[in-house]
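Enquirer: attaching a predicted model along with its sequence, questions to come.
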Amino acid sequence: MIELRQITKVYNAGKANEFKALHGIDLSIATNSVTVLTGPSGSGKTTLLSVIGCMARPTTGRIMIDGQETTSLPETFMARVRRSTFGFVFQDHNLIKGISVLENTMLPAYPGGEPFKPLRNRAMAILDRLDIAHKADRRSNELSGGERQRASIARALINDPAVVIADEPTAHLDTGLTGSFLEIVSDLAARGKTLLIASHDPLVYQSDAVGRVLEMRDGKLLGDKQSMS
Ligand code: ADP
Ligand code: MG
């Protein structure tokens, strides 16, 4: 369970270009749910994902993850929560170009200090599940868009996170690949993961894989459309 209480985020506080990107967000996200944040560009989706995922601190307010407050944790502890709880899938995938798909997948696990061989086996098993093990030795820049996305999902899963955060994951995908992505979402939900996705793609927020759609506008949450299914 993730709980947000009165979360605000102010960029460039005290400067001429000060901007309030989040205005007092209250939100509870149930464990093992699939939630989509929708809303126009600039409405605060990425900002909200990054404060939930411990990538940025809110300006005010509290976030609790399974009862533990993360907002006031010192940076090293916050980094540990980020690494152990969250996996991130980005719009542009953010894979490192010169190294292989396998190495990209293993990278977020290195700070954990796991021996190479079991880590490698685990990474290969995840790549296999995502149907991309045959490209494990390829450099990430040699992959197609869909393959790159599956590699970035593999990387997000390497630390077996409870929560997968995906920011505009289908922005560069065609309809078929978007369908494949949504199948992966359903599979992860069936495996007990919590998914939090920012997307203004109707194929995503209208999908049966999604349980809850939250609309953002001007840094506020508007509606909450619980799925009927
Ligand atoms: P979305 O993901 O919905 O497009 P964002 O969270 O990226 O929205 O941005 C929300 C608002 O905050 C936008 O107006 C954006 O320009 C502003 N913003 C985002 N990041 C920064 C930053 N690092 N510095 C200043 N303003 C920012
Ligand atoms: Mg965004």
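Expert: Thanks, I have it. Residues are numbered from 1 along each chain as shown. Ligands and ions are numbered 1, 2, ... in the order given.

Enquirer: who's in contact with the one residue sitting closest to the centre of the chain?
Expert: Nearest to the mean C-alpha position of the chain, by C-alpha atoms, centre = their mean, lies Ile165 at 1.4 Å. Neighbour list for Ile165: Leu49, Ile52, Gly53, Phe86, Gly87, Phe88, Val89, Leu196, Ile197 [criterion: C-beta atoms under 8 Å, 6 or more residues apart in numbering]. Backbone N, C-alpha and C define where each C-beta goes, glycine included.

Enquirer: give me the number of residues near the third one?
Expert: Translated: Gly53. Counted with other C-beta atoms under 10 Å, residues neighbouring Gly53 total 24.

Enquirer: the last one now?
Expert: Using other C-beta under 10 Å, Ile197 is surrounded by 29 other residues.

Enquirer: specify the beta-bridge partners of it.
Expert: Beta bridges link Ile197 to Val36, Ala166, judged by DSSP bridges.

Enquirer: contacts only, for it.
Expert: Val34, Thr35, Val36, Leu37, Ile165, Ala166, Asp167, Pro169, Val185, Val204, Val210.

Enquirer: may I see the buried residues of the longest helix seen in the chain?
Expert: When the chain is parsed with DSSP state H, its longest helix is helix 175-190. Of the residues in helix 175-190, Leu177, Thr178, Ser180, Phe181, Leu182, Ile184, Val185, Leu188, Ala189 count as buried by neighbour count, 16 or more other C-beta atoms under 10 Å.

Enquirer: do the same with stretch 86-98
Expert: Under 16+ other C-beta under 10 Å, the buried positions of stretch 86-98 are Phe86, Gly87, Phe88, Val89, Phe90, Gln91, His93, Leu95.

Enquirer: for stretch 126-138, same thing?
Expert: Buried residues in stretch 126-138 (16+ other C-beta under 10 Å): Ile126, Leu127, Arg129, Leu130, Ile132, Ala133, Lys135, Ala136.

Enquirer: about what we covered before: pick out whichever of the contacts of Ile165 sits closest to Pro118.
Expert: Minimum distance to Pro118 across these is 18.7 Å, recorded for Gly87 (C-beta to C-beta).

Enquirer: ok, the contacts of Ile197 vs His23, which is closest?
Expert: Nearest member of the contacts of Ile197 to His23, counting by C-beta to C-beta, is Leu37, at 14.8 Å.

Enquirer: tell me, how many residues neighbour the closest one?
Expert: Residues near Leu37, counting by other C-beta under 10 Å: 25.

Enquirer: so who does it touch?
Expert: For Leu37, the contact set (C-beta under 8 Å, 6+ apart) comprises Lys45, Leu48, Leu49, Leu196, Ile197, Ala198, Ser199, Leu214, Glu215, Met216.

Enquirer: for the fourth one, what are its contacts?
Expert: When contacts are counted by C-beta under 8 Å, 6+ apart, Leu196 is found next to Ile29, Thr35, Leu37, Leu49, Ile52, Val163, Val164, Ile165, Ala166.

Enquirer: so the fifth one sits right up against Glu3, yeah?
Expert: No. Ile52 is beyond contact range of Glu3, at 10.2 Å (criterion: C-beta atoms under 8 Å).

Enquirer: and for the two, which residues touch both?
Expert: Ile29, Ile63.
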